[in-house]
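**Student:** Structure for this input, please:
(2 chains)
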Amino acid sequence: GAGVSQSPSNKVTEKGKDVELRCDPISGHTALYWYRQSLGQGLEFLIYFQGNSAPDKSGLPSDRFSAERTGGSVSTLTIQRTQQEDSAVYLCASSSDSGANVLTFGAGSRLTVL
Amino acid sequence: QKEVEQDPGPLSVPEGAIVSLNCTYSNSAFQYFMWYRQYSRKGPELLMYTYSSGNKEDGRFTAQVDKSSKYISLFIRDSQPSDSATYLCAMSRGNKLVFGAGTILRVKS
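**Tutor:** Residues are numbered from 1 along each chain as shown, chains lettered A, B, ... in the order given. Below is the predicted model:
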């Protein structure tokens, strides 16, 4: 596609429910990243994919968070048993892995946990 | 101590002013230095990136890197109300991009 697409754009859920956030990167981009942005905070790295592998998942805050990527394209970030502190904007970005790490971001999925 | 420090502002300037945005960092392993602009409820978009120390100019924007001082800057000349946004510095080491907290800029007409 022309850009990075994320869905849903907004998600309101109740504490304890599971949520899935989807990212469709730019076609041909081999690298895919998930970041989290809380109100007034910078971007917090969550996980990095190269193809379908995740060589760096050091930013996932707990074992309630997981992510997968299939076909070297679409990625899904899953948060199980959501907590109020999970409320944030979840941003996905992709890169052609040119070495400069120039990322193109999607508009984000805004998650609110009540 | 955070790897990348950035004053969150907000920074408020009149239209036409020169704006200076800055970040400091502690890890000398950073290789590439970038500036992203983020409008409200949008994803960050890349403005500029540089590799070496020195200046890089693109229209009204100039990025400056001083590796010896571990300090980077973004200058905006003739600032416009449309420049009002959050500006995030970012630095890469390997495959990881580390962001500053972002500076909120408001340009008043």
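**Student:** those strands in chain A, which residues are they?
**Tutor:** For chain A, the strands defined by DSSP state E cover A:5-7, A:10-13, A:19-24, A:31-37, A:43-50, A:53-56, A:65-69, A:75-79, A:88-95, A:104-105, A:109-113.
**Student:** How about chain B?
**Tutor:** Counting by DSSP E, the strands of chain B are B:4-6, B:11-14, B:19-25, B:32-38, B:45-50, B:54-58, B:61-66, B:71-76, B:85-93, B:96-99, B:103-108.
**Student:** mean pLDDT for those: which is lowest?
**Tutor:** Ranked by mean pLDDT, those bottom out at strand B:96-99, with a mean of 88.
**Student:** what's that one packed up against?
**Tutor:** Under the contact definition 3 or more C-beta pairs under 8 Å, 6 or more residues apart in numbering or on different chains; DSSP states H and E, strand B:96-99 sits against strand A:43-50, strand B:85-93. Placement of C-beta: from N, CA and C, glycine included.
**Student:** Out of these, flag the one nearest B:Gln31.
**Tutor:** Closest to B:Gln31 of those, according to C-beta to C-beta: strand B:85-93, at 5.9 Å.
**Student:** got the residues of chain B near chain A?
**Tutor:** Taking C-beta under 8 Å from any C-beta of the partner chain, the part of chain B that reaches chain A is made up of B:4, B:6, B:8, B:32, B:34, B:36, B:41-46, B:49, B:51, B:88, B:90, B:92, B:95-102.
**Student:** Of these, which count as buried by neighbour count?
**Tutor:** By neighbour count, with 16 or more other C-beta atoms under 10 Å in any protein chain shown, the residues of chain B next to chain A hold B:4, B:6, B:32, B:34, B:36, B:43-44, B:49, B:88, B:90, B:92, B:95-102 as buried.
**Student:** Quick check, central residue of chain A?
**Tutor:** A:Trp34 (3.3 Å; C-alpha atoms, centre = their mean).
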